[in-house]
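Participant: model this:
(2 chains)
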Amino acid sequence: MKLELGHFHVKEVTFGESTRFEDGVLTINKEEALAVVREDEHITDADLVIARPGEEKRIVPVKEAVEPRCRVNSKHNNYFPGVTGTELYQVGDGRSHALKGCSVMGVGKHWGSFGDGLVDMSGKGAEYSYFSQITNICLVADTDEEFERHEQQKKNHAIRWATHRLAEYLGNCVKGLEPEEIETYDLPPITKRDSSVNDLPSVVYVIQTMTQMEEEGYNDLAYGWDLNKSIPTLMHPNEVLDGSLIGGSFMPTSSKWATYDYQNCPTIKSLAAQHGKTLNFLGVITSNLNVALIQKERSALYVAQIAKTLGADGAILAEQGYGNPDADFTACYVALEDAGVKTVGITNECTGRDGRSQSLVSMDPKSDAIVSCGNVSELIELPAMKEVIGELEALGRDGLSGGWAGDEILGPSVREDGSIIMENNAMFCGDQVIGWAQKTVREF
Amino acid sequence: MKKAICYINQFFAGIGGEDKADHAPEIREGVVGGSMAINAALQGIEVTHTVICGDNFMGSHREDAIQQICGMLEGKEFDLFFAGPAFRAGRYGVACGEISKVVQERFDVPAFSSMNDENPGAEMFRKDMVIFEGGKSAAAMRTDAQKMAAYASRVIAGEAVGSAEEEGYFGRGKRHMIYDESLKPAADRAVEMLIAKLGAQPFTTELPIPKTDFVPIAKPIKDLSKATIAIINTGGIVPVDNPDRIQSASATRWGRYDISKMDRLKGGEFKTIHAGFDPMMADGNPNVILPLDVLREMEKEGKIGKIHEYFYSTVGTGTTQKEAARMAQEMIPPIQEANVDGVLLVST
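Facilitator: Sure, this is the predicted structure:
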């Protein structure tokens, strides 16, 4: 498969009469964009607000982030097959265009849920989320999804899917334009590679996608399919980068990977950069994080089997989540090592507010090479921001994983003056286990 | 100018060696002997007082020594506390740890010390305070004092400080998240680590897996009806006056108590001193932790041969693996002498 990703670097986003991209400026016709959002009658209220890096803005509750994309010279118009539009087809081959340096961000106008998060666009809080560094086109919306209005766990279907449609709509404005640069991902079939490549150590990238909910609507999707109901499978890295995977709505958000994260997966890019030089990048094994022990064992067994069948010498194993999924992470790590596959893990930790709890629920001496991206329970205190996009109260009121309504010692997460105290848990996609993290955990 | 108080032993105060080790606690104004090196290295902080105590006095009259010293500190204004450096002097190291731990809690000031990695005080107290890794002997006085004084000065000034490894103190078992702009993204760190691992080159994991000692499960007792069973608990069940002064957390002490004439443990006679759970149920009925009542019934029914005359007790919460292992080694001989066939180990 050969994927060409045409880049259009967005330096400014503004509203205007037509949606277009010119000289680094993305202009959005708000009414037209919101009409795309309102294609779903469950959206009852919607607005677009721009948040730029360095601005004193706080966004919460954030549910999803997507990079605006479109397909070029393709007979298909829907960018996320199985999720948007009606056509199901394979992605990862051909040309796609991307508006770089920005995301479409799905934000609740009022209501948050367990897996929703917070993004600060400046100050200390901007150290904790990758999305503080890019311009976020915030879709601030409300819905009539009454069945989950007061539930802690929300599928957030209307807002998340609107975010995908909006990203497609915006992406389409660069369909006919010539990109400023083209990134090419050309990874031939495994048995059709030059001997110089075949002689290098062969590696796979194993992603443990979030699939802990038994009911449909919350979990990560592959081509629209709930990965809870799958066994680990081999995917071409280009498919991951090109819209086949969709982030879910369940995990405490600092551990979560948004759709944007999959589209830009830094670990795939880092492995692709080494392909043919130091490594032979075989592909991505997409695994899951189901809750029953036998499902964990079965998935670990399949991952090890696929790696072994492919003849992988090494693996990078990344866990989306913490707590219960640590059991999957360690089981999979051990299974790979036992199969003779030298493995490096990427995960976050839960060491408690005092830093003294055991890092992972399940640990094994065989997992001797781990990159750590954060402590979910680290306490973070931040001053008020000039503007809140969404509703600040949601952090404390709606059961966001890192917020609370009241605490005997710490008081409420959201204070009257707009300052906040929270756990890292609620930083939107904060631990960046997908590969961005310039964070780690050290002993003090 | 912030104020510090130092703790040193009789030797580093110039009072004398082993023959003066029973020296009772005293406090002097300003610097004395070993506290001079600390004072010289401090920035924006001065040593106002030095506490001196003989190592034996602290070792054999711990409670008394701590009480006396706390009395001396009462009413004095100070922002931080130093103890040592203790190098490889074992009793001195333990004394530094004991007093620092209490001073930190009671006066709410940070305490700093320095010890050699072979000083037992380092392992015992590393989780409670900042203990820099120091030299073997007093030859390292200046360097060791400099290290802790420089670090403490930065902490008091509110400056950013690094991790235990970066700063050179024994890790306190506290793992915290750090953001570092100069850190490579996790993806690149992982790929580099993988290339090193594949090439059998050295690499450093960012999440060290703690070493665990796997203890194999004992072989079943062939005939329980002829066996003598002992009970050990880490749930802190003790006679109400806690005669062995077992600590409520981070225990280093244990006790054994005669139950040969009891059918059950009575509330009011026994209680729990464990600080890690709500004691209400266990205080009312200690058998919920240490099930003597049920075991006696089994003994009467002939299911168990005999219950050993004593139960053994300590507290598990916060107790280091090392201390727990030492206490177990001390419990084993009397249990073996009594021809005990099996031990029921109960926690909380």
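
Participant: For chain B, see how far away the residue nearest to A:Phe281 when sequence neighbours are not counted is.
Facilitator: Nearest residue to A:Phe281 in three dimensions, chain neighbours excluded: A:His275, at 4.2 Å (CB to CB, 6 or more residues apart in numbering or on different chains). C-beta here means a position set from N, CA and C on the backbone, and glycine is covered the same way. Distance, A:His275 to chain B, using CB to the nearest CB, to the nearest Å: 11 Å.

Participant: Remind me which helix or strand the closest residue to A:Tyr130 other than its chain neighbours belongs to.
Facilitator: Closest residue to A:Tyr130 apart from its sequence neighbours, by CB to CB, 6+ apart: A:Trp436 at 4.5 Å. Under DSSP states H and E, no helix or strand contains A:Trp436.

Participant: What's the local residue count around A:Trp436?
Facilitator: 22 (other CB atoms under 10 Å in any protein chain shown).

Participant: coming back round to it: which pLDDT does the model give the residue nearest to A:Phe281?
Facilitator: At A:His275, the model reports a pLDDT of 98.

Participant: Against A:Gly283, how distant is it?
Facilitator: Distance, A:His275 to A:Gly283, by CB to CB, to the nearest Å: 11 Å.

Participant: Need the residues touching each of these two.
Facilitator: Taking CB atoms under 8 Å, 6 or more residues apart in numbering or on different chains as the criterion, A:His275 and A:Gly283 both touch A:Leu187.

Participant: out of these two, which sits in the more crowded spot?
Facilitator: Between A:His275 and A:Gly283, counting by other CB under 10 Å, A:Gly283 is the more crowded of the two (24 against 19).

Participant: Test my guess that the more buried one contacts A:Leu310.
Facilitator: Yes - A:Gly283 lies in contact with A:Leu310 (CB atoms under 8 Å); the separation is 7.4 Å.

Participant: which neighbours do those two share?
Facilitator: What both A:Gly283 and A:Leu310 touch, as defined by CB under 8 Å, 6+ apart, is the set A:Ile190, A:Val204, A:Leu234.

Participant: who does the one helix or strand the second one maps to pair up with?
Facilitator: Which is A:Val204. Taking DSSP H and E as the definition, one finds A:Val204 inside strand A:202-208. Strand pairing for strand A:202-208, determined by DSSP bridges: strand A:280-287 (parallel), strand A:314-319 (parallel).

Participant: Please enumerate the helices of the stretch 51-200 of chain A.
Facilitator: Under the criterion DSSP state H, counting those that start in this stretch, helices of the stretch 51-200 of chain A are mapped to A:157-171, A:195-198.

Participant: what's the answer for the stretch 151-300 of chain B, then?
Facilitator: Using DSSP H, counting those that start in this stretch, helices in the stretch 151-300 of chain B cover B:164-167, B:186-198, B:280-284, B:292-300.

Participant: Ok, which of the ones you listed comes nearest A:Glu215?
Facilitator: helix B:186-198 (31.4 Å; CB to CB).

Participant: Let me know the angle separating that closest one from strand A:280-287.
Facilitator: Following axes from the mean of the first three to the mean of the last three CA atoms, to 10 degrees, one obtains 120 degrees for the angle between helix B:186-198 and strand A:280-287.

Participant: Name the SS class of the residue in the stretch 1-150 of chain B that chain A sits nearest to, please.
Facilitator: Per CB to the nearest CB, B:Lys127 is where the stretch 1-150 of chain B lies closest to chain A, at 8.1 Å. Put simply, B:Lys127 is coil when judged by DSSP: H, G, I helix; E, B strand; the rest coil.

Participant: Could you tell me what pLDDT the model assigned to it?
Facilitator: pLDDT for B:Lys127: 93.

Participant: Surely it touches B:Thr319?
Facilitator: No - contact between B:Lys127 and B:Thr319 fails when scored by CB under 8 Å: they sit 10.6 Å apart.

Participant: And for the residue of the stretch 1-150 of chain B closest to chain A, the neighbour number?
Facilitator: The burial count for B:Lys127: 17, using other CB under 10 Å.

Participant: what's the answer for B:Gly302, then?
Facilitator: With other CB under 10 Å as criterion, B:Gly302 counts 10.

Participant: residues contacting the residue nearest to it when sequence neighbours are not counted?
Facilitator: Counting by CB to CB, 6+ apart, B:Ser225 is the residue found nearest to B:Gly302 once chain neighbours are left out, at 5.5 Å. By CB under 8 Å, 6+ apart, the residues touching B:Ser225 are B:Gly302, B:Lys303, B:Ile304, B:Gly305.

Participant: how about a cut-off of 10 Å?
Facilitator: Contacts for B:Ser225 (CB atoms under 10 Å, 6 or more residues apart in numbering or on different chains) come out as B:Met298, B:Glu299, B:Glu301, B:Gly302, B:Lys303, B:Ile304, B:Gly305, B:Lys306.
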